[in-house]
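>>> for reference, the sequence and a predicted model appear below.
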Amino acid sequence: MATYNNDLRLKEIATGDESGTWGTSTNTNISLIADGFSFGTKAMAGDSDETFTMPNAASDPTRSFYLKITSGASLTATRTVTLGPNTVSKMWMIENATSGSQTINIKQGSGAVVAIATGEKTFLYTDGGGAGAIVALANPTETGVGTVTNVAVTGTVNGITLTGGPITSTGTFTLGGTLANVSLTSQVTGILPVGNGGIGASSLTANSVVLGNGTGAVQVVAPGVNGNILKSNGTTWTSSTAGALEEPVGTGVSQATTVSGQFWVATAGGITITLPVSASANDFLVIKDGTGAAATTTFLVARNGHKIASSATDLTFDKNFAQITLVYVNPTIGWSV
């Protein structure tokens, strides 16, 4: 009785069998041996694990030395192809030509498997070990696994030099130098903090004024409306209205309600212009003699509880056509003239 206990599943004719017809079986065997050195393509039927079994004494792509595995459906996950029977010991070059961009695992028994990424080709062997048969790489260097023998480690980029080579099996890479000639437009990304010489921001609002903020990102003050000025409140700066420049209401009338930023023109002598009851640093007023006779007919600038030029006395205005600007400094100095 014929048997098939060989790695190509060829027909082994028993002594005395097939008298007068053994040539047919022998020719078939020779053809199958040729298949074992040839190229063949076999498709997975669907999107699932599959077994490719080499048949006894019959042609099949599974017997091919170079086996290109395709798929009848697009794979959605890693799939396993089992090569049978599990007693076949053989070398294979297998290509993963399946669709779906998935890895396929090649196995034979319960032992080790070999993973082949989509589009890759791998040289491997099955050991034919039966139920526990393994699949292993026949040439590990083909898949990027190997031993470093001699790697050059030199070069300089933007002033930074890499040294330490050649590396043969183990070694150390060293970086040294001073960074230079770096393109701020193409080689640098991110936001440079203030503590490292930057502004802590990726952009600044057009036409705004930049304010310091310690080590935090800079702050900006927008221009605001037409005619605004940059004004301090003693802590920070804001864009504020400059204040109206006005003449007193009526002629020869005392003014008891002045406001910071106003311009007062005295049109008569003997009147009193009273400074604001509340004052903050950098508040200001402008006062002018509009009579031309202040030297003989004075008028009074009442301090309203604040000092004027460090003095707790009112100011007597006695200069013809003179104009003064009063700026509030602090409670000790009061209004500086």
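It's in.

>>> okay, buried residues for the lowest-mean-pLDDT helix or strand in the chain please.
Of all helical and strand segments in the chain, the minimum by mean pLDDT, DSSP states H and E falls on strand 174-177, at a mean of 71. For strand 174-177, a neighbour-count test (16 or more other C-beta atoms under 10 Å) marks nothing as buried. Just so you know, the C-beta spots here come from the backbone N, C-alpha and C atoms, and that holds for glycine as well.

>>> give the next helix or strand downstream of that strand.
Tracing the chain C-terminally past strand 174-177 and defining elements by DSSP states H and E, one meets strand 209-211 next.

>>> how far out from the middle of the chain is the helix or strand just after that following strand?
Proceeding C-terminally, strand 209-211 gives way to strand 219-221 as the next helix or strand, assigned by DSSP H and E. For strand 219-221, the separation from the chain centroid amounts to 27 Å (computed by C-alpha atoms, centre = their mean, to the nearest Å).

>>> just stretch 14-25 next, same as before
Taking C-alpha atoms, centre = their mean, one finds the center of stretch 14-25 at 74 Å from the center of the full chain.

>>> quick one, what contacts residue 333?
If you count contacts by C-beta atoms under 8 Å, 6 or more residues apart in numbering, residue 333 has them with 307, 309, 310.

>>> just the buried residues from these, in PyMOL please.
The following PyMOL command selects only the buried members of the contacts of residue 333, with burial defined by 16+ other C-beta under 10 Å:
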select buried, resi 307
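
>>> low-scoring stretches of the protein, by residue?
Counting by pLDDT under 70, the chain shows low-confidence ranges at 140-149, 164-165, 168-171, 227, 233-234, 241-253, 257.

>>> hmm, try it at 50
For the chain, residues meeting the criterion pLDDT under 50 lie at 142-143, 244-251.

>>> please enumerate the helices of it.
With DSSP state H, the ranges of helices along the chain come out as 22-35.

>>> most centrally placed residue in it?
With the centre of the chain defined as its mean C-alpha position, the nearest residue by C-alpha atoms, centre = their mean is residue 190, 8.0 Å away.

>>> contacts only, for that residue.
For residue 190, counting by C-beta under 8 Å, 6+ apart, there are no contacting residues.

>>> can you give me phi and psi for it?
phi 90, psi -180 (degrees, to the nearest 10).

>>> hmm, back to that, can you show me the CA trace of the least confident helix or strand of the chain as CSV?
Output for strand 174-177, consisting of C-alpha atoms alone and laid out as CSV, is shown next (Å, rounded to 0.1, in the frame of the first residue of the first chain):
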residue,chain,number,x,y,z
THR,A,174,27.8,61.8,22.6
LEU,A,175,26.3,65.1,21.7
GLY,A,176,28.3,68.3,22.1
GLY,A,177,28.8,71.8,20.9
